[in-house]
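K.L.:
output the structure for:
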Amino acid sequence: MIDQISVIKLFISLESIIIATMLPIYILLPSKTNFLQIVDMPITLQVPTIIFLTICFSGEIVFKAYTLYILIGLFLLPIFYDGGSLGYILTPNFGYLLGIYPLIKITADLNKEKQILLKKFLRITILALIIMHFTGIIFTSLQLILFNNINLIPYYIGKYTISKIFYEILLLFPILLLLKSLKKIRVF
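P.N.:
Next comes the predicted model:
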């Protein structure tokens, strides 16, 4: 028998992942020339959304939703950040998409607790982000070695990891606020 609640959670997760992938993030900063300046962050809401969904639902549901997302992006619609299709496997972005799987597995441990300690949340999610980026680096490096472009490895590490991981860690704090409102996290 199909559990209807799990199916609903699966489709909510899938829809949230697709929408979050397409949402750029802008912040307002003070400026000398204008009162405020709009700055585009080099990431989308995809990773924070996946972390949030994994903690709220379960790792298994988000894992399935993310697998559907990958399949849709590879075979049906160009829903990835930079497009889609089977050719996307040859881009450096695909390694980071694969890195989401260990991120889901690691953050799924937080779902099992009724209330999460702040330090544990930060420790686990930062570790999950590091492993996600490490997976992306490994995939991209192997790809570049295979295609004899070894000299591009530092460039891709800078472009896809160093320039983004700080922002992803920064976006853990809005997740904390959402979890706090759901009473899933406690500070002490």
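K.L.:
any idea of the pLDDT on the residue located most distally from the centre of the chain?
P.N.:
Within the chain, the residue lying farthest from the chain centre (CA atoms, centre = their mean) is residue 33, at 34.3 Å. Note on residue 33: pLDDT of 81.
K.L.:
please settle this for me: is it part of a helix?
P.N.:
No: counting by DSSP: H, G, I helix; E, B strand; the rest coil, residue 33 falls outside a helix, being coil.
K.L.:
in stretch 53-72, what's buried?
P.N.:
Neighbour-count burial for stretch 53-72, with 16 or more other CB atoms under 10 Å as criterion, is recorded at 53-66, 68-70, 72. (Each C-beta comes from the backbone N, C-alpha and C, glycine too.)
K.L.:
among those, which are in helices?
P.N.:
Members of those lying in helices (criterion: DSSP state H): 53-56, 59-66, 68-70, 72.
K.L.:
quick check, nearest of those residues to residue 173?
P.N.:
Residue 173 lies nearest to residue 55 out of those, by CB to CB, at 14.2 Å.
K.L.:
so the nearest residue in space to that closest one that is not next to it in sequence is in which element?
P.N.:
Residue nearest to residue 55 in three dimensions, not counting chain neighbours: residue 110, with 4.9 Å by CB to CB, 6 or more residues apart in numbering. Assigned by DSSP states H and E, residue 110 belongs to helix 100-111.
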